[in-house]
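Asks: Structure for this input, please:
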Amino acid sequence: MDINEYKEIILADVQAKAASEMCDSASAFLEIATDTMIESDEFESLSLSYFEGFYGKYKMQIDGFYYDEFDQSIIILISDFTNELQESSLTNTMIKNHLNRMRYYVEACIKGYIEKNCEESQEAYEFALLLSKVIYDIRKIRFYILTDRVISKQIKRNQKYDDIQGVPIDLSIWDMNRLYNVALSRMQRESIRICFTEYGTKGIPAIKAVSSDVESYESYLAVIQGETLARMYIDHGSRLLEGNVRSFLSVRGKVNKGIRNTIMQQPDLFFAYNNGIAATAAELKLEGNLITEIQDLQIINGGQTTASIANAVLQDKSDVSHIFVPVKLSVVSGEKVEELIPEIARCANTQNKVSEADFFSNHPFHIRMEELSRKTFAPPVGGNQHQTRWYYERARGQHTQEQMKMKQSERKQFLTLNPKDQIIKKVDLAKYIMTKEQCPHIVSTGAQKNMRAFAEIIDKQWKKSDTGFNQVYYRNLCAVAIMFRETERLVSNQQWYKAVKSYRANIVTYSLAVLFHIIEVNYPQKEIDYKRIWDRQSMTYEQTEQLAITTKEVYQFITKDDRKTENVTEWCKKAECWAWAEDEHWTVIDDFSKMLISKNKSISEQETAKKDQKENNEINAQIQVIQWGQSYWQQVWDWLGQQSVPISDMEKSILKLACQMTETGRPPTHRQAKVLLALYNRLIDEGMPKR
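Replies: This next block holds a predicted model:
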């Protein structure tokens, strides 16, 4: 679904609601869209109340309001509904007019103008009374513009707005793009389909390399022209390298420089000098000895080769038509891909060194985090009118790699959506989670040792239940990332640290671990309000105040004279160091509990997220069962007929259903598919060949 299709649906919903509730279209849109905002936790509630008038010569207008007592903010909203399918832009002039109308209303409330000149029966009048009373207590005024237009690309980011009576204001714009993104977060990714005629060639020459009795596995040796490979990469970017543990960063490394030099100086010898690429696919089409189409292509080794050739086309404007690349193509199942990727990477010892973290990149946990990071949008803050993403880099350099195929304008848009300061690398994620798990001594041992410990913890949790790794989990993880990074900045700006400038990494992980430890011991029924951090995209005042104290105390703690190891860095790596920290007396501010919420409060949201993830898993299981096909499940049935492996009547019934799904048109249900895949895994343990 694209944004135009989404807008068609929204306008149809508006007309249906207007007809059924006998209201105007603008009111219907306002209610539908604000419901979406509330469901997205933009605000807890909103009183819809249209008001317009004049404050002297200035026009006032609002369509909704709310006083958030929890964060002491005022919410004022105005709607701009065109009711037109054709895209129209929300210009800077329009934004200024809408903002001024809301601003004049607030100023009129503060001055008592609304109270004196409006009817007492109006909700806007009651809100004006409230606003005039709390204005000196509120911390922020949050203005919203809601529209079915699209924000003009000319709108500047991070605009600053004048305070009202000393109260800072924010402006958030919910346009059609933003509403669409909320809906888009529920969509599944699509596999890549390569049709070679779209690249100016009938296909790539190939020969079948391996004869196999297993119907689901085939292997081919092929040759692809450099121009074709480059254009494929330019079109699909890092999605082509989804299974690769390496990602192209630049031509600075030895191998990349060598590849670039060959491209530039000896293109005719590229085939002789280069090892080529290894790739997998779900299926392909053959016409004679030509592969004409490939479904779900993944390059699992040779990402540097692919990206270097594309880089030569894009940046060096090189002619790569004389370059030919050898390809080893395996048509295998998704599960087989997950097995092959790390093994092929380990064997690629002639290329740049692959870290321990890279070998763990294809664990389902990391794949889940990557998917969640692409569909979880952070709220705009600080005058920014565009949503952003916390970009999870499952493969090293992914963020840079994606930009390679882009023009300058496209790259600018990409960075607006995926700012560089919101990249989460695998090793960073491990550091955040291990700190939250109160293991700062392990974090202090370094990225790779920490990654190994992290991998063990995550693998156990995943096997216990993977549904806990959902959108709420990722949002909370990003909140921890925010805490970590802001604590780093906090330490760097402290006067005491400027005098020493040492041990910052240890200070940060220990300080946050101490914070989590204090909560666990003194507030066992509470936890950090991660959602509040996420909504603000920053720590709360209480957290900042507490950590300003704790970081200094941690520095004094890890450097005190009676430590067991002279070297402070080595001391921080000891389990004994953390054991001492757990027994240490730490200063706790009076407002410490304000940064916390009851664990019970988040249970409902977490359970809903788990349920959603469970449903996604079940849907994915059904898709996998169907994709494997009736013929494969018949092979499983035949194998069982030759073995003495016991299976239950229910398993036998579901397997029989899968063996007949093409004829009956009735594939196994979501839940039946999960049973079938569980049976498959058990039969693998019993000696059945893997698909």
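
Asks: the bottom helix or strand of the chain by mean pLDDT?
Replies: The helix or strand of the chain with the poorest confidence is helix 356-359; it has a mean of 46 (mean pLDDT, DSSP states H and E).

Asks: continuing past it, what's the next helix or strand?
Replies: Sequence-wise, the next helix or strand beyond helix 356-359 is helix 364-375, with elements assigned using DSSP states H and E.

Asks: That following helix - contacts with which helices or strands?
Replies: Applying 3 or more CB pairs under 8 Å, 6 or more residues apart in numbering; DSSP states H and E, one finds that helix 364-375 makes contact with strand 391-393, helix 447-464, helix 471-493. Every residue, glycine included, has its C-beta placed from N, CA and C.

Asks: at 6 Å instead, please
Replies: Using 3 or more CB pairs under 6 Å, 6 or more residues apart in numbering; DSSP states H and E as the contact definition, the elements that helix 364-375 packs against are strand 391-393.

Asks: ok, the strand it packs on: who's next to it in the sheet?
Replies: Strands that pair with strand 391-393, judged by DSSP bridges, come out as strand 423-425 (parallel).

Asks: hmm, who's touching the helix or strand just after the partner strand?
Replies: Counting by DSSP H and E, the element after strand 423-425 in chain order, helix or strand, is helix 426-436. Residues from elsewhere that reach helix 426-436, judged by CB atoms under 6 Å, 6 or more residues apart in numbering: 357, 442-443, 447, 450-451, 454, 480-481, 484, 509, 512-513, 516.

Asks: And those residues, which is closest to Pro380?
Replies: Within the contacts of helix 426-436, distances to Pro380 taken as CB to CB reach their minimum at Ala481, with 17.7 Å.

Asks: From Thr34, how far out is the closest one?
Replies: When distances are taken as CB to CB, to the nearest Å, Ala481 and Thr34 turn out to be 30 Å apart.

Asks: What about Leu229, how many residues nearby?
Replies: A count of nearby residues for Leu229, using other CB atoms under 10 Å, gives 26.

Asks: likewise Arg504?
Replies: A count of nearby residues for Arg504, using other CB under 10 Å, gives 16.

Asks: which one is it nearest to, not counting chain neighbours?
Replies: Of all residues beyond its chain neighbours, the one nearest Arg504 is Val491 (5.4 Å), with distances taken as CB to CB, 6 or more residues apart in numbering.

Asks: With Gln634 instead?
Replies: For Gln634, ignoring the flanking residues on the chain, the nearest one in space by CB to CB, 6+ apart is Cys659 at 4.9 Å.

Asks: Kindly report the same for Glu218.
Replies: The shortest distance from Glu218 to any residue other than its chain neighbours is 4.4 Å, reached at Val331 (CB to CB, 6+ apart).

Asks: sorry, back to before: what's the closest of the contacts of helix 426-436 to Gly629?
Replies: For these, the minimum distance to Gly629 (CB to CB) is 35.6 Å, reached by Ala357.

Asks: Tyr125 contacts Asn117, correct?
Replies: No. When contacts are counted by CB atoms under 6 Å, Tyr125 is not listed as touching Asn117 (9.4 Å).

Asks: Domain ranges for the chain, per the record?
Replies: Using automatic domain parsing, the domain ranges for the chain come out as 3-184, 193-354, 420-600, 629-685.

Asks: Relative to Phe365, which of the ones you listed is closest?
Replies: Between the domains of the chain, domain 420-600 lies closest to Phe365; by CB to CB that is 5.1 Å.

Asks: Bridge partners for the residue nearest to Glu218, pull those for me.
Replies: Beta-bridge pairing of Val331 under DSSP bridges involves Glu218, Ala281.

Asks: Compare Tyr125 and Asn117 (neighbour count), which wins?
Replies: Under the criterion of other CB under 10 Å, the comparison of Tyr125 against Asn117 puts Tyr125 first, with 17 against 13.

Asks: Check that one and give its pLDDT.
Replies: The predicted local distance difference test score for Tyr125 is 74.

Asks: Please tell me how far it sits from Asn616.
Replies: 47 Å.

Asks: same check, this time on Lys560
Replies: The separation that Lys560 has from Asn616, given CB to CB, amounts to 50 Å.

Asks: next one: Pro267
Replies: Noted for Pro267: a distance of 46 Å to Asn616, by CB to CB.

Asks: next one: Ile442
Replies: Using CB to CB, one gets 32 Å for the distance from Ile442 to Asn616.

Asks: what residue ranges in the stretch 151-300 of the chain are flagged as low confidence?
Replies: Judged against pLDDT under 70, the low-scoring parts of the stretch 151-300 of the chain cover residues 157-158, 183-191, 210-216, 237-239, 242-256.

Asks: Mind jotting down where the strands sit in it?
Replies: For the stretch 151-300 of the chain, the strands defined by DSSP state E, counting those that start in this stretch cover 169-174, 193-195, 204-210, 218-225, 277-281, 283-287, 290-295, 298-301.

Asks: Partner strands of the first one and their direction?
Replies: The pairing partners recorded for strand 169-174 under DSSP bridges are strand 140-147 (parallel).

Asks: Contacts for the partner strand, please.
Replies: Outside strand 140-147, the residues that reach it (CB under 6 Å, 6+ apart) are 33, 73-80, 90, 98, 102, 167-175.

Asks: Show me the shaky parts of the stretch 1-150 of the chain.
Replies: Using pLDDT under 70 as the threshold, the predicted model of the stretch 1-150 of the chain has low-confidence ranges 1, 17, 20-22, 39, 41, 44, 69-71, 120-123.

Asks: What segments of it are helices?
Replies: When assigned using DSSP state H, counting those that start in this stretch, the helices of the stretch 1-150 of the chain occupy the ranges 3-21, 25-39, 92-111, 113-117, 123-134.

Asks: who touches the last one?
Replies: Identification of contacts with helix 123-134 by CB under 6 Å, 6+ apart yields Ser49, Phe51, Phe65, Cys109, Ile110, Ile114, Glu115, Cys118.

Asks: CSV please, covering those residues and showing neighbour count.
Replies: Putting the contacts of helix 123-134 into CSV (neighbours: other CB atoms under 10 Å) gives the following:
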residue, neighbour count
Ser49, 16
Phe51, 19
Phe65, 26
Cys109, 27
Ile110, 17
Ile114, 26
Glu115, 16
Cys118, 18
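
Asks: So which of these is the closest to Ser40?
Replies: Within the set of the contacts of helix 123-134, Phe65 lies nearest Ser40; the separation is 18.6 Å, counting by CB to CB.
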